[in-house]
Every structure is written in structure tokens, then in C-alpha cells.
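*Asks:* here you go, sequence then predicted model.
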Amino acid sequence: MRELAIEIGVRALLFGVFVFTEFLDPFQRVIQPEEIWLYKNPLVQSDNIPTRLMFAISFLTPLAVICVVKIIRRTDKTEIKEAFLVAFSGLGFTTFYLAGKLHCFTESGRGKSWRLCAAILPLYCAMMIALSRMCDYKHHWQDSFVGGVIGLIFAYICYRQHYPPLANTACHKPYVSLRVPTSLKKDERPPADSAPSLPLEGVTEGPV
């Protein structure tokens, strides 16, 4: 319980830092005369995907997917706890999460295209959001590309903190449910004196 409170506190602190930086004064970049053509874009009155909706999709999609998986497969409570802690990693984490649940890269799941399509769907939505930002002249393509790469890297780091590699046969289970408590290991270990022994009456030691 203490570890869970610490994890929630750290994530709340990171979210507070994010909110704080959002309201800082933006960096004023000096635009050179030869660069003006880069910024002569039309002003878009209404975005294809509004900013608030974009953040809502990124934040709530992982939570919705995890809840659906819980209902369908009756996932362990320990797995739900771990997944909720890292759910705000966004659509990239959702892709890795579904790929692990559906065993897209294990022997039992390879060659089944519907599993791969289902896992890639959140990543496809993220790409559509990135393209809409370029169509609305909010970002250059370099911004969207580098932002996507950074997001995928951090999403995979967050995923691997709690789940095995995608090629592992147990990739659908978090590390917390794969751990065997030390107390159980000690209880399952038979004592040395408890091994059955055969009666040795009449048997004497001597040279063979």
C-alpha cells in the first residue's frame, strides 16, 4: 500500500510539473527574413481535432482499454493496479499493452492479422492526430515526427517497467503477478530431513 501511494504521488507530481510548464511564457524565437516563408500559413478557425479532445483521447483511451480487457478476460486485480499507474503514457502504451495481451509477437499469436490490426489501432489514431496538427498548421512535420519518436520511446520504457518483453510467452501478465513471494518459496521447499528413508536393517557398510 505504501509503494502504491508513492507511485501515485510521483505521477501526481509529474502531472503538476506538466501543468506548470503549460502556463509558462513561451519562448520568443527570432525569425530571420529568409525564414518568413515558413510561417506564411493560413489561419485555421476550427481544428480538425481540438486540443482538449486530443488530450482526452490520449489520457482516457488506455484506461478504457484496460477496463474492457478486465471485463472480457477477468484480469487480476494486481494487473489492473499496475496498469492504472502507467495508463497515462498515452496511445503508444496502449499499443504495447494490446500487443502483449493478444500475443502478437509470440508463437501462439503470430500470423493472425486481426490481433496485429487491433494492437496497431491506437498507434494509427495517434498518427491521425499528428497529421491533423500538421493540416491545421499547428506544427511542422519535423515537430510531429520527433514528438512521435520520443513518445514511443517513453511509452515502451513505461511498458517494460511493468511487463515482460512482447516475445515472452507470459507477456500478457505484469511482473507483479509473476513474482512468487519469498514466504511461499520457503514453504514449498521440503526440508532435508523429510525425505523418505528405507529401512537399513541387516545392511552393513563394507568394501564392495
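*Replies:* Cool, got the structure.
*Asks:* in which helix or strand does A119 reside?
*Replies:* If you go by DSSP states H and E, A119 is part of helix 113-135.
*Asks:* now swap in I153 and tell me
*Replies:* I153 belongs to helix 141-162, assigned by DSSP H and E.
*Asks:* that helix - contacts with which helices or strands?
*Replies:* Packing contacts for helix 141-162, counted by 3 or more Cβ pairs under 8 Å, 6 or more residues apart in numbering; DSSP states H and E, involve helix 77-85, helix 91-101, helix 113-135. Where C-beta positions appear, they are placed from N, C-alpha and C, glycine not excepted.
*Asks:* mind listing what's buried in the longest one?
*Replies:* Translated: helix 113-135. Neighbour counts over helix 113-135 (16 or more other Cβ atoms under 10 Å) mark R115, L116, A118, A119, P122, L123, C125, A126, I129, A130, S132, R133 as buried.
*Asks:* that older thread, which helices and strands sit right next to the helix or strand that comes right after the helix holding I153?
*Replies:* Remark: after helix 141-162, the chain's next helix or strand is helix 175-178, criterion DSSP H and E. Helix 175-178 sits against helix 77-85, with contacts defined as 3+ Cβ pairs under 8 Å, 6+ apart.
*Asks:* hang on, the earlier thing: now tabulate the helices and strands packed on helix 141-162 in CSV and tack on mean pLDDT and distance to V69.
*Replies:* Output for those, formatted as CSV (pLDDT from 0 to 100; distance: least, Cβ to Cβ, whole Å):
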stretch, mean pLDDT, distance to V69
helix 77-85, 48, 8
helix 91-101, 89, 6
helix 113-135, 87, 11
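*Asks:* out of those helices, nearest to V30?
*Replies:* helix 113-135 (23.7 Å; Cβ to Cβ).
*Asks:* now that closest one against helix 91-101, angle please.
*Replies:* Inter-element angle recorded for helix 113-135 and helix 91-101: 180 degrees (by axes from the mean of the first three to the mean of the last three Cα atoms, to 10 degrees).
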